[in-house]
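[1] sequence plus the predicted model coming up.
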There are 2 protein chains.
Amino acid sequence: MRVFRLLKRDEGSLGRLGQVVTTRGVIDTPAFMPVGTQGSVKALDPRELREMGTQVILGNTYHLYIRPGLEIIRGAGDLHGFINWPEPILTDSGGFQVFSLAKIRKIKAHGVEFRSHLDGSLLFLGPKEAMEIQRALGSDIAMVFDDCPPHTATVKEVRGAVERTLRWAKECREQPRAVGQQVFGIVQGGKHAELREECARALVGMRFDGYAIGGVSVGEPESEMMLAVEHTVPFLPEDQPRYAMGLGTPAQLVELVARGVDMFDCVLPTRVARNGTAFTAKGTVSIKGGFNKADYRPIEEGCECFACRQFSRAYLRHLLNVNEILGLRMVSVHNSYMYLRLMADIRAHIAAGTFTAFRKEFVANYVPSRRVLQTRGITAVRGVDE
Amino acid sequence: MRVFRLLKRDEGSLGRLGQVVTTRGVIDTPAFMPVGTQGSVKALDPRELREMGTQVILGNTYHLYIRPGLEIIRGAGDLHGFINWPEPILTDSGGFQVFSLAKIRKIKAHGVEFRSHLDGSLLFLGPKEAMEIQRALGSDIAMVFDDCPPHTATVKEVRGAVERTLRWAKECREQPRAVGQQVFGIVQGGKHAELREECARALVGMRFDGYAIGGVSVGEPESEMMLAVEHTVPFLPEDQPRYAMGLGTPAQLVELVARGVDMFDCVLPTRVARNGTAFTAKGTVSIKGGFNKADYRPIEEGCECFACRQFSRAYLRHLLNVNEILGLRMVSVHNSYMYLRLMADIRAHIAAGTFTAFRKEFVANYVPSRRVLQTRGITAVRGVDE
């Protein structure tokens, strides 16, 4: 099956318009995938996700394996049945989580021995296990089990991670899959151009259904994140989807699309919502802020999301201040909608041939957060913390 | 304006079928009113409330006066505008909260001086203030400011509370109202039949639009709650609505309807949902319970609520166990629906002349919670804690 339809190349950038075709539905790209780590996109229900145009959500192998465990999910058929989301699901392999969340780990030839972050029980995840779990989850797109080193890793450590990632990718490639399940390879290599190229070329040789850029969103400065993508994309096939894992802010997504990325996932929209921070086309805004006390406008004027059509900043600020769940629910709705809508706008602009102008204007208007500015070496602060 | 339509009297009990008519819509009685203390029915949005058949919600004078404060609500027109609920709202007067939540209070002739439970600031609420706030909130039904003594009060204290409640009710009666706003009196008198009668007769003499039975849901045993209602209802007019404040469990509601009550509000459906406890026709069930681990049935078979149509107990248990907000959201949806549906069933049975049989069967099948059984002096336990 041809899993990617490349519909149009942007003339002013590496941006592309396309479709990832799965047995459970088509995903228009560039695409944003809301993150449902534990089988739920935080605070949202499936109807809300559908209403905001979600075509695919993420699930996480590591988390779902620990709780509720495979037997419980198998009892409902698969993850789609368990969480009542018959549309496409992409599952992360658990590699990132084993290397970032788990304690006391021992890296072995065929995987990682680690203790659950939950109860300390000894567990093992490797390419074989990760693919078996993803097969049981029945995800439409499974990710290979990779070694994701931290941003602070030495070049030697990153080289080791690339070698292990490639060995494990090959093992993943050989595992049985769920019916219709696609498998994406993950390119590691940190900030090292030659390692990115080496890893990408080797993975492409193994012929996966798509390719992800991993080892980003691990604390690196924005410039290194962009470089990681720039060092990888040239070595990925034009006719297959490219997925940048765990990124980013709205302005970063626009820039990453311009660098040839088709798919994104990010916890920011729902995570910062729980602190009362909303994304807008002009940057983030703290809804709790005193300046919203008597502001009866919606979070973002002109926004068509469920929250903006119904509620004012003043009301949402009140709800957040008195810890009413509806407050964080509605900011989660707005933020997720904002990301999905941004992707729809990007697609429309690539289709119309106006992406370059859109990109320029969007990035110019978007005030980055303090955290992003700091990674640019800027400490004078206009942005709001996420 | 005639505010109550008495459509039918049940032949086997004091139950009635009716309608409370407000300028913002009709409330079919017996009615359950979801509680939105701080301007939000906890965890639910207005669409969900509408879908489950909500015709009126509660707001609270005390809480909304403290946060966000009247100015902010006035800026949106009124409470309906602020929270985007154009349908009927009943507001409690704050009397109950002043006597139960506030600290260091001093009861004066025209109200109560107290310190905010939030920041300790000195505040004053009396009949004049409570009615002025409710006028600004623009509620369709306002409650008089009453003195609600605890269950442990002496007969002398209860008598004092009745006298104060009557004096304040008269003051409330004289205050200006919002356009179309009805005002209900509140009968106090604790477990003392003669005080209940005295209070009811005096209030009826003042000619309110409806009458509430207060001083219940203050920790009294179930038998005393029933007696408080039985000692009050005979002295209330047939052609006006009767409202039992803050009650109760589903089986108690059925019994209270049989004793002539038309309106109810209760925080139980949403409060226990946040602990993962669901109401069913057979009593409460802890969704977190291990017995639900691999139970792929809905919370309650045959239930048509948004949660039961979509999700299994196994999934909801998982969500509650990993603290996903969707879990408590969906149990809140189910529980609120269950209460509203129970009222719809009661109305249908009164209309069909089958309420007596329904009452008998419902109460026989409903396993009371431990807490309720304890108030009956029963400690052997079948029920589940709320």
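    Received it, and whenever you're ready, just let me know what you need.

[2] average pLDDT for the helix or strand containing residue A:168?
    Taking DSSP states H and E as the criterion, residue A:168 maps to helix A:155-174. On average, the pLDDT along helix A:155-174 is 98.

[3] next one: stretch A:329-338
    Across stretch A:329-338, the average pLDDT comes to 98.

[4] repeat for stretch A:364-374
    What stretch A:364-374 shows for mean pLDDT is 90.

[5] stretch A:189-208 too?
    Rounded mean pLDDT across stretch A:189-208 is 98.

[6] enumerate the positions of that stretch that are buried.
    Using 16 or more other Cβ atoms under 10 Å in any protein chain shown as the test for burial, stretch A:189-208 gives A:189-192, A:195-200, A:202-204, A:208. (Glycine included, C-beta is placed from N, CA and C.)

[7] out of these, what pair is the most spread apart?
    The most widely separated members of the buried residues of stretch A:189-208, counting by Cβ to Cβ, are A:191 and A:208 (23.1 Å).

[8] now do the same contact list for whichever residue of the stretch 151-300 of chain A sits closest to chain B.
    At 5.0 Å from chain B, residue A:294 is the closest residue in the stretch 151-300 of chain A, using Cβ to the nearest Cβ. For residue A:294, the contact set (Cβ atoms under 8 Å, 6 or more residues apart in numbering or on different chains) comprises A:314, B:71, B:72, B:75.

[9] quick revisit: among the buried residues of stretch A:189-208, name the ones in strands.
    In strands, judged by DSSP state E, none of the buried residues of stretch A:189-208 are found.

[10] reformat those as a markdown table; add distance to chain B.
    Shown next, in a markdown table, are the buried residues of stretch A:189-208 (distance: Cβ to the nearest Cβ, whole Å):
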| residue | distance to chain B |
| --- | --- |
| A:189 | 33 |
| A:190 | 32 |
| A:191 | 34 |
| A:192 | 37 |
| A:195 | 36 |
| A:196 | 35 |
| A:197 | 40 |
| A:198 | 39 |
| A:199 | 34 |
| A:200 | 35 |
| A:202 | 37 |
| A:203 | 33 |
| A:204 | 37 |
| A:208 | 31 |
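
[11] one step back: not counting its neighbours along the chain, what's nearest the residue of the stretch 151-300 of chain A closest to chain B?
    Excluding its sequence neighbours, the residue lying closest to residue A:294 (Cβ to Cβ, 6 or more residues apart in numbering or on different chains) is residue B:75, at 5.0 Å.

[12] picking up where we left off before, please pick the buried ones from the contacts of residue A:294.
    A:314, B:72, B:75.

[13] I'd like those as TSV, with secondary structure appended.
    Formatted as TSV, the buried ones among the contacts of residue A:294 follow (DSSP: H, G, I helix; E, B strand; the rest coil):
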residue	secondary structure
A:314	helix
B:72	helix
B:75	helix
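
[14] if we can go back for a sec, who are the packing partners of the helix holding residue A:168?
    helix A:127-137, strand A:182-187, helix A:193-206 (3 or more Cβ pairs under 8 Å, 6 or more residues apart in numbering or on different chains; DSSP states H and E).

[15] who's in contact with the shortest one?
    When contacts are taken as Cβ under 8 Å, 6+ apart, the neighbours of strand A:182-187 outside the stretch itself are A:3, A:22, A:93, A:95, A:131, A:140-144, A:146, A:148, A:165, A:169, A:172-173, A:177, A:196, A:199-200, A:203-204, A:206, A:208-215, A:232, A:236, A:241, A:243, A:245.

[16] then the longest one?
    Residues external to helix A:193-206 that are found in contact with it (Cβ under 8 Å, 6+ apart): A:155, A:158-159, A:162, A:165-166, A:169-170, A:173, A:185-190, A:211, A:227-228, A:231-232, A:234-237.
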